[in-house]
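*Asks:* Turn this into a model:
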Amino acid sequence: MKIFNITFVAIFLLILVVVSKTKADEDLNSQIVSNIEHSGDSEDATTLEPEGEGIEEITTLEIEIEQQEENNNEIQSATESPDVQIQTTLGIIDDDDGKDVETIVCEKEGNIAHKEDCHSYYTCSLDPVDGILKPTKNSCRENQAFSVNFDICTRDISSCNIGPECLTKGKFPDPSSENSYFWCVENYNKDAFRKFKVQYLSAPFVPPTNTITDEDLVRRENKLLNGIEKKLAKDEKRRKKEEEKLQKDEEKRKRKEEKEAQKAAAKAQKEQDKKNKGNKKDESEGCIQE
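*Replies:* Just a heads-up that it's a prediction; the model follows:
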């Protein structure tokens, strides 16, 4: 009987252990599933915008602008320094066939637009050996043109003889391609138009909602150019204001000098008249004594 009771207790304890372990496994599995589902929800909620060539183009433009500003500061410092002697020189630029296509006169450091090719420009820089300014030909990317106003390559191709002339803002078809169109946009000052050639995807393909289109890139660049143009306009306004102030100060200084000169001349004339009057008085007294 005792053996039977011991056996029964052992079986009962074994059943309890098995049930407890099964329940613990179920709780652990439920927790794992919950974590996986939660992780999936978080991943969907933080879908990132893909970084493609377009973003690199905008970033490259910003970097080029910053580098250009640094170069301008260096050029200004070098020009103002009395130790730097800049000589002008003629540079003959050859094309791929070795023919002379254009003669460039470098009068100062900086960029010069190509007269015929809107996608090219020349950079005049000091030769480290002889210290003479010499030109170097550079090319923009295929979909860019050199901008004289911004002194960099941009997507604005209004300086090129490509596509329709922008007389009003809007989008216009590209006669030479079914996969692109021209977009005319007003500049910041509302006194000219920028012209962009925009590529678009073919109709059967529907891009994902987070895809960056070429039009998005153009919008970003146009916004960036507007920001630069706004800064340039602000700087020009401040420069004119400073010039007007300097001119007024100069006119005020001249009027003050003229007034002081007239005052000094009047004082000198008064002293001379007083001296002449004294001389005449002395002469009269001498005549009376005689």
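*Asks:* Walk me through the domains of the protein.
*Replies:* Per the record's domain assignment (automatic domain parsing), the chain is made up of the domains 55-151, 155-252.
*Asks:* and those, which one is worst for confidence?
*Replies:* Sorting those by mean pLDDT places domain 55-151 lowest, at a mean of 69.
*Asks:* show me the contacts for the residue nearest to Asn187 when sequence neighbours are not counted.
*Replies:* Nearest residue to Asn187 in three dimensions, chain neighbours excluded: Arg194, at 5.7 Å (Cβ to Cβ, 6 or more residues apart in numbering). Any C-beta I mention is one placed from the backbone N, CA and C, and that applies to glycine too. Going by Cβ atoms under 8 Å, 6 or more residues apart in numbering, Arg194 touches 156, 158, 166, 184-187, 222, 225.
*Asks:* correct me, but Pro154 touches Asn222?
*Replies:* For the record, residue 154 is Thr, not Pro. No. Look at Thr154 against Asn222 with Cβ atoms under 8 Å: they stay out of range, at 9.3 Å.
*Asks:* Between these two, tell me which one has more neighbours.
*Replies:* Taking other Cβ atoms under 10 Å, Thr154 and Asn222 do not tie; Thr154 has more neighbours (26 against 20).
*Asks:* Return the set of residues that bridge with the more buried one.
*Replies:* Beta-bridge partners of Thr154, counted by DSSP bridges, are Ala145.
*Asks:* Please enumerate the helices of this structure.
*Replies:* 2-45, 53-80, 214-289 (DSSP state H).
*Asks:* I'd like to know which elements the last one is packed against.
*Replies:* In terms of contacts (3 or more Cβ pairs under 8 Å, 6 or more residues apart in numbering; DSSP states H and E), helix 214-289 is packed against helix 53-80, strand 180-186, strand 193-199.
*Asks:* mind running it again at 7 Å?
*Replies:* helix 53-80, strand 193-199 (3 or more Cβ pairs under 7 Å, 6 or more residues apart in numbering; DSSP states H and E).
*Asks:* Roughly how far does Ala266 sit from Gln272?
*Replies:* 11 Å (Cβ to Cβ, to the nearest Å).
*Asks:* now swap in Ile212 and tell me
*Replies:* From Ile212 across to Gln272, the span is 86 Å (Cβ to Cβ).
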